[in-house]
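Peer 1: Okay, sequence plus prediction incoming.
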Amino acid sequence: MTVNTRPKRALLAYCALAQRLSKPGVGITHALIPFFTEANHDLVGQLFDAEKFSLAVSQRFGFSIPRLAALGLTEQLELAGLLEVVSRDGSRTVYKHAAMIPENESVNPVTEAQVERVLSAFFDYCIDDQKINTMERSAIDAAFLHRLLNADSMRILGRKETSITTKRSVDTLSLLRVPRREDQLNGDELHLDYKTSQFLLDIQTKDRAAFELVSDVAFANMAAEAIAVFQEPADTNVPLSGLTIYLDSPILLDMLGVNWEYAEYGSELLATIKNSGARVAVFDHCVMEAEGAIGAQLSYLRSGINSSAHRLGISAKPDLLAALKDRVGERAYERLGIDVERDPEVNLHRHNPTVVGDIEAGMNTSMQAWGNVEAKAHDRKSVWSMLTMRDSSQPCPRVCDSKWIFLSRNTALVKIANAAWTRWLKGTTKHSITHVEKWAPIAMSDKQFAGYIWTRTGGTRSSIPVARLLANCSAAVRPRADVKARAYNLIIELEGREQADDLAALLEDREGAKALMRAVSGDPEDVTRERIPFIIEQVKLAAGEFAAARAREEGELILHERSLAYQAEIDRVSQELVETEGKYVDDLNTVNAKKVQLHEERECLEAQNKILLDALAAKDLAEMERRLTIIAGGFAKGVKTYVRTKWLIVILFTVLTGSVTHLSTDSPTASFVLSTFLAFLGFWFVPDILSGPLNRLSTSVLMKHVSRHDNSINVPHNPPPNFRDNEWCVLNSTHEPVANSSMP
């Protein structure tokens, strides 16, 4: 294990990277500057060496950068102020690490206290384990970081199970293996693997804040490795239609749901590959390997004989295994759309037998520790198939142009395949070492490919790293058959067959098996005579808690059903009430609307009536004015008749008096003047006697005038018109006197 001396700073850097990548507009490569800044602290003032720089990054952050990828980052490191140019001769530039390290400009929302809380919680989680509780805090922190960043490399995932055969009776003898120093070291590693995995699974449900932090670290680790390794331009939204992904057998079984711990992750990985536009396929020999593992697991479940199925971690139920038996290729094609292709004909030994021999020897050396001979044969066949298919005539540095990629969860197999490809290129082609080192690999791990797809999609947040982390943790803590068998055999020796059968019954339940794994931290060597009482107590307690939890769940289910029934009745009554209220509101609204309508109609009628009344009043007023005008005209004529007639009478009497006086013989002139004056004075009042006839004459003129204009007008006679004074109260006061001439 690579020991990280500063796990807290590394976790903070990963959290900062995750936050920077979540911001829009941030360059993907620029986001790695905080990592390179941290790694540069130990190299200040030294000449830049790609291998030293890659080693510094690996020691601090747990991911390695290939030498050529590190060389490709020099210009960006220079722009960031981490490198200085020593000399530049056109074809080669010499850099050295800057003496002054620039401050990180980003503000990390994740504080050191939050990281410390997670690390302290894990340290407290490990206290109850006797094998690792003596380790120093720094070592436990480093172990936690290493497993968090490399969950797929935990030893517990590849641990070969010991004997799973159970004793048939108390008299059955079993040979105990002598413990070695290596076993003690491996035991510590296994305990740390189990504790880390179980801790991460626990905080997923119990501490969401801590789980969000480790999720950011998992995502940032995948992103950092992808950014550092894949230097090709990210063609955003350009599908990988020309690329075919060949699946290894374990990944195929994951996607089929055979390994329940990886089922969800397998489905998500398959969807990611298809969404990228790449074609998904599998070789015939991988299908045969998967079918062999399924058949072996079925045989084991039916007969109790150990099989090679444990290598693939098969954990599915028998019904699913039976449905897939001898039908893996068919189900993969029909259900998942994965093409099944025939293995290519391998005849590379005819082209260059020496290089083929070197590659075969290298693979045998690398696979020497693999105990399963059939598995090694299938893996070698996968490597030779990819070597046969890939074109080595023209350099191909881009993964998207390589046409074929082998995808595996086995990082060791990926390294073996790529090492074989590099050796083949160096031994059979005349390309330069630079081109060979830049060549696209023939195999990628699932983590690498997910990171590659992430870089091509523009750096959007991916859920693949978290799903992969949880899948590996679930596989690490799954119940193991050898642990169960060791506990069963030890109970037979100590307490007899009956007690062992009781324990076996408890272990059939998943909660009991989980409790057994928790008690021994996944290590069968921890099942000892001294610890067996504690182990049994934990299993029974878990089973009792499970039974109590089951009873609580059933009670809660009944309560929930009744609550649902009550709630349904309440909802029904409430609905009826709402409907009644709604109907009442609708009726009330209808009545109010009718009232408003009637009010508006009444106002409209009142307005129309007012208009009609105003029109009628105006008409009546006009008619009255017309009649008054006619009457006023008649009255004016009557007044004129009255005045003329009166003047006529006066003149006649005056002339008559003058004529009589003129006949006087004594003094005719004086008599004439005097008679005239007296006659004028006397007869000025004479018309008063004739006022009645004058009024009647004037009234007759008035009536004739009115009748001539409108005979329907009734002229009022009370009060009678005063023709003498030119007054008549019948006429409106607004009318001026009809005759302005002065009265004699």
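Peer 2: Nice, thanks for sending it over.
Peer 1: Tell me where the stretch 351-500 of the chain is predicted with low confidence.
Peer 2: 458-460 (pLDDT under 70).
Peer 1: Over to V86: give its phi and psi.
Peer 2: Main-chain dihedrals, V86, degrees, to the nearest 10: phi -90, psi -50.
Peer 1: Below-threshold pLDDT in the stretch 551-700 of the chain: ranges please.
Peer 2: Along the stretch 551-700 of the chain, segments meeting pLDDT under 70 span 656, 658-690.
Peer 1: in it, which spans are helices?
Peer 2: 668-683, 686-689, 691-709 (DSSP state H, counting those that start in this stretch).
Peer 1: do the same with the stretch 251-400 of the chain
Peer 2: Going by DSSP H, counting those that start in this stretch, the stretch 251-400 of the chain shows helices at 260-275, 284-303, 318-324, 328-336, 348-351, 353-366, 373-389.
Peer 1: now the stretch 401-550 of the chain
Peer 2: In the stretch 401-550 of the chain, the helices defined using DSSP H, counting those that start in this stretch lie at 411-428, 433-438, 446-456, 464-477, 481-495, 497-508, 510-520, 532-662.
Peer 1: how about the CA coordinates for the fourth one, as PDB?
Peer 2: Just to be clear, that refers to helix 464-477. The C-alpha coordinates for helix 464-477 follow below in PDB (Å, rounded to 0.1, in the frame of the first residue of the first chain):
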ATOM      1  CA  ILE A 464     -20.700   6.200 -11.800                       C
ATOM      2  CA  PRO A 465     -17.900   6.700  -9.200                       C
ATOM      3  CA  VAL A 466     -20.300   6.600  -6.200                       C
ATOM      4  CA  ALA A 467     -22.100   3.500  -7.700                       C
ATOM      5  CA  ARG A 468     -18.800   1.800  -8.200                       C
ATOM      6  CA  LEU A 469     -17.600   2.600  -4.700                       C
ATOM      7  CA  LEU A 470     -20.800   1.200  -3.100                       C
ATOM      8  CA  ALA A 471     -20.700  -1.900  -5.300                       C
ATOM      9  CA  ASN A 472     -17.100  -2.700  -4.200                       C
ATOM     10  CA  CYS A 473     -18.000  -2.000  -0.600                       C
ATOM     11  CA  SER A 474     -21.000  -4.300  -0.800                       C
ATOM     12  CA  ALA A 475     -18.900  -7.000  -2.400                       C
ATOM     13  CA  ALA A 476     -16.300  -6.600   0.300                       C
ATOM     14  CA  VAL A 477     -18.700  -7.100   3.200                       C
END
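Peer 1: Of all the residues in stretch 401-411, which ones are buried?
Peer 2: Within stretch 401-411, the residues that qualify as buried are S402, W404, I405, F406, L407, S408, R409, N410, T411, counting by 16 or more other Cβ atoms under 10 Å. For every residue, glycine as well, the C-beta is placed using N, CA and C.
Peer 1: mind checking pLDDT for the residue lying closest to A50 once chain neighbours are set aside?
Peer 2: Sequence neighbours aside, A70 is the residue nearest to A50 in space, at 4.0 Å (criterion: Cβ to Cβ, 6 or more residues apart in numbering). Predicted confidence (pLDDT) for A70: 73.
Peer 1: Measure how buried A70 is and give me the count.
Peer 2: A70 has 22 neighbouring residues, counting by other Cβ atoms under 10 Å.
Peer 1: Then P7?
Peer 2: Neighbour tally, P7, other Cβ under 10 Å: 24.
Peer 1: Quick check: it touching F122?
Peer 2: No. Using Cβ atoms under 8 Å, P7 is not in contact with F122; the gap is 10.4 Å.
Peer 1: overlap in contacts of these two?
Peer 2: D141, F144 (Cβ atoms under 8 Å, 6 or more residues apart in numbering).
Peer 1: surely the residue nearest to A50 meets S54?
Peer 2: Yes. With contact defined as Cβ under 8 Å, A70 and S54 form a contacting pair (5.0 Å).
Peer 1: just to revisit the earlier point, buried sites along the helix or strand the residue nearest to A50 falls within?
Peer 2: Applying DSSP states H and E as the criterion places A70 in helix 67-72. Burial within helix 67-72, assessed by neighbour count using 16+ other Cβ under 10 Å, is assigned to A69, A70, L71, G72.
Peer 1: can you redo these as TSV with distance to L247?
Peer 2: Output for those, formatted as TSV (distance: Cβ to Cβ, whole Å):
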residue	distance to L247
A69	26
A70	31
L71	33
G72	30
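Peer 1: and which of those is nearest to N695?
Peer 2: For the buried residues of helix 67-72, the residue nearest N695 by Cβ to Cβ is G72; the value is 135.7 Å.
Peer 1: Against L43, how distant is the residue nearest to A50?
Peer 2: Per Cβ to Cβ, to the nearest Å, A70 is found 12 Å from L43.
Peer 1: shared neighbours of these two, anything?
Peer 2: With Cβ under 8 Å, 6+ apart as the test, A70 and L43 both reach F53.
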